[in-house]
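Enquirer: predicted model follows, preceded by the sequence.
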Amino acid sequence: MTNITILGSGFGALTTVRELRKRGIGAEITLISPRTELHYLPSSIWIPAKLRKAENLKIPLGPFFAKNKVNFVQASVTGLRNKGRTIVTDKGEFENDHLVIATGGRFLKKLPGIENALTICEGLEVGTKIDRRLSDMQGGTIAFGFATNPNEQGAIRGGPMFELLFIIDAHLRKTGRRDAFKLVFFSPAPRPGIRLGEKAVDRILANMKKRGIDTYLGSKLMRFEADKVVTEAAEISADMILFMPGMTGPAWAAETGLPLSPGGMIAADETCAVAGHPNVWVVGDAGSYPGPDWLAKQAHQADLQAVAVAENILSVLDDKPATRRFKPELICIVDTLDTGIVVYRSERHSIVTPASKLFHWLKRAFEHHYLGAYR
């Protein structure tokens, strides 16, 4: 029987499983991941505001695997051989007929002193750590920022940092503590978040000004220290540093012979196929893809890439060419704890809505809907 092996247990990986079974593909599916749970990271921004707890955002995947007849292997990938047909893990080697790489990317940790910063998207436990530190603080300065991979400008995830900034600001106001804190935002980009569109950046920066948040923009980051952010232009004192570095590909990919982008991600085409490696596909943050300059590193885009991969695998199994291209689309609700702004981009449209309480509740409703498929 044909074996389709999927690496990872995040959004792209699990959507690939769902889309394969949705199309009636009866092949054996093996999923390899060190985690037995889905960690719903988009809601980690609410942990410091006590709107969510980390343990409630971890969804056991056993029932989902059983329902979809998935052979789960709890292991960490360490490499590939034979053009991707052999997967090397810390629990042995596994063969496949189709390989879907959906392990996600990793954050660049090259900036000196980066151990002094907390990165919200590194895991739910980081959200809990931020919550504890914020609760213990009587006041002080909190510095928020993000940067990209200098070799690949699209390898960035800035939206969650805007949300974390606005959510902590709103939380401090609701608890009567805002006056004791100074919030600052820093970025080497003069117009941070430009992939959301010019109107979105204008609205975000105006929101910062309205909330009394100081900004340090357009200056190269030099290093972090325990109590400061150092740029070429300024030293920013900080009692807590929250920072999202640029992204790169899986560490194990470098020695596999897979084609890599300048930023170290697995290079794929519009169908998510990896050149020179038949029946090897990549979805989500592990990959680098052609497309518009605003192509996002976000769960929604990973889901759309998974749809294309499932369709292309079905075509190959039917002895047809794999021609389904993924849809480039950015959908983001920039949440502020009590309101939200919807940002939408496609190849035809660019939309930014006014802030509304409705969109905050829509984001919460989407979380409930999305996780329903796995609970």
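Expert: It's in. Owing to the predicted nature of the structure, the values given are computational and were not obtained by experimental measurement.
Enquirer: where does Arg223 sit: helix, strand or coil?
Expert: Taking DSSP: H, G, I helix; E, B strand; the rest coil as the rule, one finds Arg223 in the strand state.
Enquirer: how many other residues sit next to it?
Expert: 13 (other Cβ atoms under 10 Å). Glycine gets a C-beta too; all of them are placed from N, C-alpha and C.
Enquirer: nearest residue to it other than its sequence neighbours?
Expert: Pro112 (3.9 Å; Cβ to Cβ, 6 or more residues apart in numbering).
Enquirer: please name the residues that touch the one you found.
Expert: Pro112 makes contacts with Met222, Arg223, Phe224, as judged by Cβ atoms under 8 Å, 6 or more residues apart in numbering.
Enquirer: of all those residues, which comes closest to Leu41?
Expert: Nearest to Leu41, judged by Cβ to Cβ, of the contacts of Pro112 is Phe224 at 22.6 Å.
Enquirer: what's across from that closest one in the sheet?
Expert: Per DSSP bridges, residues listed as beta-bridge partners of Phe224: Val229.
Enquirer: pretty sure it is in contact with Pro245, am I right?
Expert: No - Phe224 lies out of contact with Pro245 (Cβ atoms under 8 Å); the separation is 10.5 Å.
Enquirer: who's more crowded, those two?
Expert: Pro245 (25 against 22).
Enquirer: right, and the more buried one touches Cys121 too?
Expert: No - the pair Pro245 and Cys121 fails to qualify as a contact (Cβ under 8 Å) at a distance of 9.8 Å.
Enquirer: now the phi/psi pair for the residue sitting nearest the centre point of the chain, please.
Expert: Nearest to the geometric centre of the chain sits Gln298, at 4.8 Å (Cα atoms, centre = their mean). Main-chain torsions, Gln298, degrees, to the nearest 10: phi -150, psi 160.
Enquirer: report the separation between it and Ile120.
Expert: 14 Å (Cβ to Cβ, to the nearest Å).
Enquirer: number of nearby residues for the residue nearest to Thr89 when sequence neighbours are not counted?
Expert: Spatially, and ignoring its direct neighbours in sequence, Thr89 is nearest to Ala75 (4.0 Å; Cβ to Cβ, 6+ apart). Ala75: 17 surrounding residues under other Cβ under 10 Å.
Enquirer: surely Ala75 and Pro34 touch.
Expert: Yes - using Cβ under 8 Å, Ala75 is in contact with Pro34, at 6.7 Å.
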